[in-house]
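*Asks:* Need coordinates for the below:
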Amino acid sequence: MSLLDDARVLLPELAELRHALHRTPELGLELPRTQALVLEALAGLGLEVSTGAGLDSVTAVLRGGRPGPAVLLRGDMDALPVTELTGEPFSSQNEGLMHACGHDMHVAGLVGAARLLAARRDDLPGSVVFMFQPGEEGDGGAQIMIDEGVLDAAGERVVAAYGVHVSAGLLPQGVVAGRPGTLMAATDSAVVTVQGAGGHGSAPHRALDPVPVAAEIVLALQAMVTRRFDAFDPIVVTVGAIHAGTANNIIPATATLEITIRTFSDATWQAAPERLREVCEHVAAAHGLTADVDYRRGYPVTVNDPHELERTARLTRELLGEHAWVTMPQPLAGGEDFSFVLQEAPGAFVFVSALLPGEDPATAPYNHSPHARFHDDALATSASLLAALALDRLAEG
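*Replies:* Residues are numbered from 1 along each chain as shown. Below you'll find the predicted structure:
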């Protein structure tokens, strides 16, 4: 039987695991229940299993029956602070928490890949590292696992790394999508504090009002986006929160802006902090105020290796049919900490449709929505594709 056929045989078990994970979502880097379920699911496969020191990760190594290099397959495990409204029979039992981004699907899919590959151990020319990662949703768990040695868990540096992300909407059912080069944005943030001098609202000339300065900074940042950066190498700057004042007749001493910055190339990523700082400081100075800019680096740009992306596209067509692969016309502005792994090893990260039958991809609730639902059948797609990627790359030597 093919990998996909074998994955479909495993589907009931994988769906049961996914539902168990979905009922008990956990946040961040500490995922004791999730870790326990993963360890239980991997038991008996003959893997070399270890857990993290600074986070509740699981690293498992499958040694093939023949010598060869090592590759890495990754699945993230953490949930979101979202109250579930799907009505699924396996809905979250942890109030205020939900696997709204499909990471329960990623875990079960990676377990499926481990089972498919363990069944082919004797013919496997090398080793496979399975990376079960906490803390993708803002905590940078991938970098922590790298620092703890996941890329060298097989005794040598992995030669390639692969990951998938399920999509509750946007993509038609049965589709896998990706693109060479930049797939997702770098995700930085900044907190800008405009420092003025407070006073009475009836006498603004006796104060240094930070509120209009903050408003001017918001507009100036949008001019910066279009006038200081190439339109074909864009940047997204969104001021998501403004905080100032306590009453309508009091001029506050400070105003604070909270900003997200998305970039799609290393050059723009490198240039963004200084240019944002210049705008904020100079606009404030023009009015006799100051601006303190706390610029915070987040996840880097997620970049697919062109050769590994082409491998993924080829294997998708072989597994699922010619029309199953879609090349994305442009990157997504969301961020992903698998980018840290792809900085260290060539690889590919792609999106797998988990759209439910009968849903319109254009209107189906998307990832992070309290109504987001994911089709269990996508587990077979993810498991078989990840296993196929490992087998194909190891066969290359």
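
*Asks:* what about the helices in the protein?
*Replies:* Ranges of helices within the chain are 3-23, 32-42, 103-118, 141-147, 210-227, 266-286, 306-320, 338-344, 378-396, based on DSSP state H.

*Asks:* Quick check: F229 touching I235?
*Replies:* Yes - counting by CB atoms under 8 Å, F229 does reach I235; the two are 4.9 Å apart. All C-beta atoms are positioned from the backbone trio N, CA, C, and that covers glycine.

*Asks:* sorry, back to before: pick the most buried one from the helices of the chain.
*Replies:* Mean neighbour counts were taken over those using mean count of other CB atoms under 10 Å, and the top value, a mean of 27, falls to helix 103-118.

*Asks:* Could you list every helix and strand that that one packs against?
*Replies:* Judged by 3 or more CB pairs under 8 Å, 6 or more residues apart in numbering; DSSP states H and E, the packing partners of helix 103-118 are helix 3-23, helix 32-42, strand 58-63, strand 66-76, strand 125-133, strand 160-167, helix 378-396.

*Asks:* If we use 10 Å, what do you get?
*Replies:* If you count contacts as 3 or more CB pairs under 10 Å, 6 or more residues apart in numbering; DSSP states H and E, helix 103-118 packs onto helix 3-23, helix 32-42, strand 58-63, strand 66-76, strand 125-133, strand 160-167, strand 347-353, helix 378-396.

*Asks:* could you give the mean pLDDT of the third one?
*Replies:* Averaged across strand 58-63, pLDDT comes to 98.

*Asks:* Describe which strands that strand pairs with in its sheet and in which direction.
*Replies:* strand 48-51 (antiparallel), strand 125-133 (antiparallel) (DSSP bridges).

*Asks:* Format these as JSON lines; extra columns: mean pLDDT.
*Replies:* Listed next are the strands paired with strand 58-63 as JSON lines, based on pLDDT from 0 to 100:
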{"stretch": "strand 48-51", "mean pLDDT": "98"}
{"stretch": "strand 125-133", "mean pLDDT": "98"}
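
*Asks:* so which of the ones you listed comes closest to L221?
*Replies:* strand 125-133 (33.4 Å; CB to CB).

*Asks:* Just want the angle from that closest one to helix 103-118.
*Replies:* Counting by axes from the mean of the first three to the mean of the last three CA atoms, to 10 degrees, strand 125-133 points 160 degrees away from the direction of helix 103-118.

*Asks:* just to revisit the earlier point, I'd like to know which of the helices and strands packed on helix 103-118 is closest to E318.
*Replies:* helix 378-396 (7.6 Å).

*Asks:* tell me which strands and helices the closest one is in contact with?
*Replies:* helix 3-23, strand 66-76, helix 103-118, strand 125-133, strand 160-167, strand 176-178, helix 306-320, strand 347-353.

*Asks:* Quick check: which of the ones you listed is nearest to L389?
*Replies:* That would be strand 160-167 among the helices and strands packed on helix 378-396, by CB to CB, at 4.5 Å.

*Asks:* now for the closest one, which elements pack on it?
*Replies:* Using 3+ CB pairs under 10 Å, 6+ apart: strand 160-167 touches strand 66-76, helix 103-118, strand 125-133, strand 176-178, helix 306-320, helix 338-344, strand 347-353, helix 378-396.

*Asks:* just to revisit the earlier point, can the helices and strands packed on helix 103-118 go into a markdown table with extra columns for distance to L110?
*Replies:* Formatted as a markdown table, the helices and strands packed on helix 103-118 follow (distance: least, CB to CB, whole Å):
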| stretch | distance to L110 |
| --- | --- |
| helix 3-23 | 10 |
| helix 32-42 | 9 |
| strand 58-63 | 9 |
| strand 66-76 | 3 |
| strand 125-133 | 6 |
| strand 160-167 | 9 |
| strand 347-353 | 12 |
| helix 378-396 | 7 |
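
*Asks:* nearest to F90, of those?
*Replies:* Nearest of the helices and strands packed on helix 103-118 (CB to CB): helix 3-23, 3.9 Å.

*Asks:* would you put the C-alpha positions of the closest one in PDB?
*Replies:* In PDB, the C-alpha atoms belonging to helix 3-23 read as follows (Å, rounded to 0.1, in the frame of the first residue of the first chain):
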ATOM      1  CA  LEU A   3       2.000   6.000   2.300                       C
ATOM      2  CA  LEU A   4      -1.400   7.700   2.000                       C
ATOM      3  CA  ASP A   5      -3.300   4.300   2.100                       C
ATOM      4  CA  ASP A   6      -1.300   3.400   5.300                       C
ATOM      5  CA  ALA A   7      -2.000   6.800   6.800                       C
ATOM      6  CA  ARG A   8      -5.800   6.300   6.100                       C
ATOM      7  CA  VAL A   9      -5.600   3.000   8.000                       C
ATOM      8  CA  LEU A  10      -4.100   4.900  10.900                       C
ATOM      9  CA  LEU A  11      -6.600   7.700  10.700                       C
ATOM     10  CA  PRO A  12      -9.100   6.500  13.400                       C
ATOM     11  CA  GLU A  13      -6.200   6.300  16.000                       C
ATOM     12  CA  LEU A  14      -4.800   9.700  14.900                       C
ATOM     13  CA  ALA A  15      -8.200  11.300  15.100                       C
ATOM     14  CA  GLU A  16      -8.700   9.900  18.600                       C
ATOM     15  CA  LEU A  17      -5.400  11.300  19.700                       C
ATOM     16  CA  ARG A  18      -6.200  14.700  18.100                       C
ATOM     17  CA  HIS A  19      -9.600  14.800  19.900                       C
ATOM     18  CA  ALA A  20      -7.900  14.000  23.200                       C
ATOM     19  CA  LEU A  21      -5.400  16.900  22.600                       C
ATOM     20  CA  HIS A  22      -8.200  19.200  21.600                       C
ATOM     21  CA  ARG A  23     -10.200  18.600  24.800                       C
END
